[in-house]
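Engineer: Fold the stuff below for me.
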Amino acid sequence: MVFSRLFFIYIFLPLCLLCYAAARGIKQKNTVLIFFSLVFYAWGEPVYIFLMLLTAVVNYTAGLIIGKYQGKGGDTAATAAAVAYDLLMLGIFKYSGFIAENINALFSCSIPVPDIRLPIGISFYTFQTISYIIDCHWEKVKPQKSFKNFLLFLTLFPQLVAGPIVRYSTIEKEIESRTVELRDISYGFNRIALGLAKKVLLADQLNIISESFLGNIGGSTAFGAWYGVIAYGMRIYFDFSGYSDIAIGLGRVFGFHFDENFNHPFICKDITEFWQRWHISLSTFFRDYVLYIPIFGKRRKYGGLFLVWLCTGIWHGASWNFIIWGLYYGVFVFIEMKIGKKKMKKIPVVIRHIYSKFVIFIGFGIFYFEDIGKLGTFFKTAFGFGKNGFIAVQDRISLINNMYLLIIAVICCFPIISTIKKVSDKRFASKAVISSTAAVAAALLLVITSIMLVDSTTHPFLYYRF
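Structural biologist: You can find the predicted model right below:
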């Protein structure tokens with residue numbers, strides 16, 4: 001099921017809210033959420049719901065074993081077994097075809113290439129279980145003794161299929177005890193409306209531009225290549241941050257406080273800062289669970305860095321362009337580490353902004369083209385070595401026709417809402433005026449978004465396929 005569908009907005013969600021409100025006590029409310037979460041997942045993946053349930057059983061059991069044998073050796077074995085199982089399932093369903101294809105190409109073999117459909121959300125809920133198991137092993141959290149509560153943590157539908165990657169420690173207490181106040185409901189619905197607007201009004205429209213230029217990169221000009229990749233970069237941002245907004249808003253309506261996943265990444269001044277603002281839940285996962293892994297028996301600063309970026313690339317997909325993309329960012333983070341924070345800050349801000357945006361949007365080009373041949377064509381075209389020149393008439397027409405969309409998209413990359421809130425807090429004595437204005441704006445966005453969704457083909461959220 002997709003958040004940006006009228007069925008979800010006006011049937012599934014209201015029905016879930018009614019049942020949740022009617023339920024008495026936290027146990028009944030959790031039962032309602034588990035039921036609707038399983039229905040939500042089964043709507044798109046009726047078969048793979050059993051894989052997710054098996055994953056829940058394995059990791060729940062491992063958690064209990066870790067708790068029982070903490071410090072006695074058995075906890076390490078249970079941790080290793082659970083993490084191995086999680087990675088094995090992810091590897092089979094996500095990477096087996098890629099591995100078989102490359103073995104065939106390298107060794108001239110004829111290994112059958114499995115054609116396995118990727119279970120929705122497997123990359124996200126696998127990392128959630130891994131973080132839970134390791135945190136239990138490190139004694140950062142206590143193993144959950146109730147399977148029902150653990151199942152709620154794993155299947156909670158707001159963040160189930162495309163994140164953010166919610167750690168057990170974030171919602172551990174709220175699983176068993178939480179309250180929802182009027183301000184939570186107001187904040188939640190405002191955030192949901194904002195996320196839907198990002199997706200439908202911006203991301204889906206920018207997708208039309210990016211596909212028209214990058215989808216036919218061989219026929220694009222240099223201007224068209226840059227125009228398309230900039231539109232694509234903003235499309236990914238509004239698509240994924242829009243999903244995160246909806247997930248965070250839905251969580252708040254039910255009393256859960258998820259961590260932020262995006263913090264206006266395009267205002268960054270260097271690549272290190274960009275990754276502190278972009279897909280924060282993934283960046284912090286690799287920082288906390290991969291960066292300090294001993295390589296050949298020793299913690300290696302730069303070895304750990306490149307291992308993190310290799311894993312980041314692999315996590316995004318079973319294709320060489322994602323591996324290249326991950327290592328590409330690793331190189332620039334490495335360079336910035338060698339330069340040092342103090343020296344980086346001495347570089348003029350304008351130059352740092354130009355440098356970071358250049359690297360970021362080239363990165364989006366690498367991310368887009370899974371076909372290495374087309375990726376090469378993109379580089380040649382973008383840097384003026386293509387066969388179609390610098391700019392064409394259709395480029396100018398598209399730019400003029402989409403000028404308002406592009407201007408609004410660029411403006412929305414900045415922290416406008418937080419800025420308006422700060423100004424409003426200073427000028428208005430009544431918070432009721434501010435909250436009422438925000439509610440009206442959210443309602444207006446919801447109406448416009450709903451109109452756009454009628455008789456339209458909505459693109460699924462991009463990170464569904466990761």
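
Engineer: Next, count neighbours for Ile448.
Structural biologist: 15 (other CB atoms under 10 Å). C-beta coordinates here come from the backbone N, C-alpha and C atoms, glycine included.

Engineer: so how far does stretch 423-440 reach from one end to the other?
Structural biologist: End-to-end distance of stretch 423-440 (CA to CA, to the nearest Å): 18 Å.

Engineer: Buried by neighbour count: which residues of the helix or strand hosting Leu446 qualify?
Structural biologist: Secondary structure assigned from DSSP states H and E places Leu446 in helix 431-453. Across helix 431-453, burial judged by 16 or more other CB atoms under 10 Å covers 438, 441-442, 445-446, 449, 452-453.

Engineer: now stretch 213-221
Structural biologist: Of the residues in stretch 213-221, 213-214, 217, 220-221 count as buried by neighbour count, 16+ other CB under 10 Å.

Engineer: tell me the secondary structure for Thr419?
Structural biologist: Of the three states, Thr419 takes helix under DSSP: H, G, I helix; E, B strand; the rest coil.

Engineer: where's Tyr237, which helix or strand?
Structural biologist: Counting by DSSP H and E, Tyr237 is part of helix 222-253.

Engineer: Now do that helix: which elements does it pack against?
Structural biologist: Packing partners of helix 222-253 (3 or more CB pairs under 8 Å, 6 or more residues apart in numbering; DSSP states H and E): helix 182-197, helix 204-214, helix 349-368, helix 372-382, helix 393-401, helix 403-412.

Engineer: follow-up on the earlier one: contacts made by the helix holding Leu446 with the rest, please.
Structural biologist: 4-6, 9-10, 183, 186, 189-190, 192-194, 196-197, 200-201, 421, 424-425, 428 (CB atoms under 8 Å, 6 or more residues apart in numbering).

Engineer: List only buried entries from the residues you listed.
Structural biologist: The neighbour count (16+ other CB under 10 Å) marks 4, 9, 186, 189-190, 192-194, 196-197, 200-201 as buried among those.

Engineer: Nearest to Trp138 among the residues you listed?
Structural biologist: Nearest to Trp138, judged by CB to CB, of those is Ile192 at 34.5 Å.

Engineer: burial measure for the residue lying closest to the closest one once chain neighbours are set aside, as a count.
Structural biologist: Distance criterion CB to CB, 6 or more residues apart in numbering; nearest residue to Ile192, sequence neighbours excluded, is Gly249 at 3.9 Å. Number of residues near Gly249 (other CB under 10 Å) recorded here: 25.

Engineer: sorry, back to before: turn the buried residues of stretch 213-221 into JSON lines, including distance to Asp395.
Structural biologist: Formatted as JSON lines, the buried residues of stretch 213-221 follow (distance: CB to CB, whole Å):
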{"residue": "Phe213", "distance to Asp395": "8"}
{"residue": "Leu214", "distance to Asp395": "13"}
{"residue": "Ile217", "distance to Asp395": "13"}
{"residue": "Ser220", "distance to Asp395": "8"}
{"residue": "Thr221", "distance to Asp395": "6"}
